[in-house]
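Trainee: Next input, structure requested:
(2 chains)
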Amino acid sequence: DTGVSQDPRHKITKRGQNVTFRCDPISEHNRLYWYRQTLGQGPEFLTYFQNEAQLEKSRLLSDRFSAERPKGSFSTLEIQRTEQGDSAMYLCASRAGATNEKLFFGSGTQLSVL
Amino acid sequence: TQLLEQSPQFLSIQEGENLTVYCNSSSVFSSLQWYRQEPGEGPVLLVTVVTGGEVKKLKRLTFQFGDARKDSSLHITAAQPGDTGLYLCAGSGSSGTYKYIFGTGTRLKVLA
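Mentor: Coordinates of the predicted model:
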């Protein structure tokens, strides 16, 4: 068990460019979450997958954001036409299926949009 | 909109002092978790409370879940510089959602 892995750790991009982040959850975890966090604030929920099914999306997730988990293992989060307001830490978390199970977080991808 | 409000937002104390952080909501949760986050890292779980009125102790940290399962508190006794970090509460099991809802966060700094 190597924990939740996120790539890249840091991404600097120009406004209007597209970016894609990858998350590799703990292998036996079938539930996966994406959160966004700005400095000093709590994480804001973006989306949730159970296996390959995307079961919940936040209204924060505009049509420029899309997430996939094609085989129920790793997940990707894509942001199209980035804006300066997209600058944040993007966190991925996974958990096992039992009720009230804890979330295991990755170290996040820090996105800076110039 | 389900919100978890934490107070205080910031706290700077001397080593050895005691402190309490509060987490309040108008929603009922089936469980409440507390996490600590270091700069540049993801949050790490400290404890999960699931029963109204439950009290859990983890060394110098005491966690309480409100009777109505809408609020929680974290008390740290004799704080140490190693306790410095961002403390986050997170509620789960609220009806109609799979998500874990995180609080607004309390940034604690313990000075040596």
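
Trainee: The residue most central in space within chain A and B:P81: what is the separation?
Mentor: The centroid of chain A falls nearest to A:W34 when counting by Cα atoms, centre = their mean (3.3 Å). Using Cβ to Cβ, to the nearest Å, we find A:W34 at a distance of 33 Å from B:P81. Bear in mind the C-beta positions are built from the backbone N, C-alpha and C, glycine included.

Trainee: Could you list the low-pLDDT ranges of chain B?
Mentor: Low-confidence regions of chain B, defined by pLDDT under 70, span residues B:1-2, B:95.

Trainee: rerun at 80
Mentor: Under the criterion of pLDDT under 80, the regions of chain B flagged as low confidence span B:1-2, B:93-97.

Trainee: what does chain A give?
Mentor: For chain A (pLDDT under 80), the answer is A:1-2, A:60, A:98-100.

Trainee: That one against chain B: which residues are in contact?
Mentor: A:4, A:31, A:33, A:35, A:40-45, A:48, A:50, A:55-56, A:58, A:91, A:93, A:99-100, A:102-103, A:105-108, A:110 (Cβ under 8 Å from any Cβ of the partner chain).

Trainee: Spatially nearest residue to the residue of chain A at minimum distance from chain B (excluding sequence neighbours)?
Mentor: Nearest residue of chain A to chain B (Cβ to the nearest Cβ) works out as A:F105 at 2.8 Å. Spatial nearest neighbour of A:F105, excluding adjacent residues (Cβ to Cβ, 6 or more residues apart in numbering or on different chains): B:G42 at 2.8 Å.

Trainee: ends of stretch A:90-105, how far apart?
Mentor: 11 Å (Cα to Cα, to the nearest Å).

Trainee: and it, which residues are buried?
Mentor: Residues of stretch A:90-105 classed as buried: A:90-95, A:100-105 (neighbour count, 16 or more other Cβ atoms under 10 Å in any protein chain shown).

Trainee: so how far is that stretch off the chain centroid?
Mentor: Taking Cα atoms, centre = their mean, to the nearest Å, one finds stretch A:90-105 lying 12 Å from the centre of the chain it belongs to.
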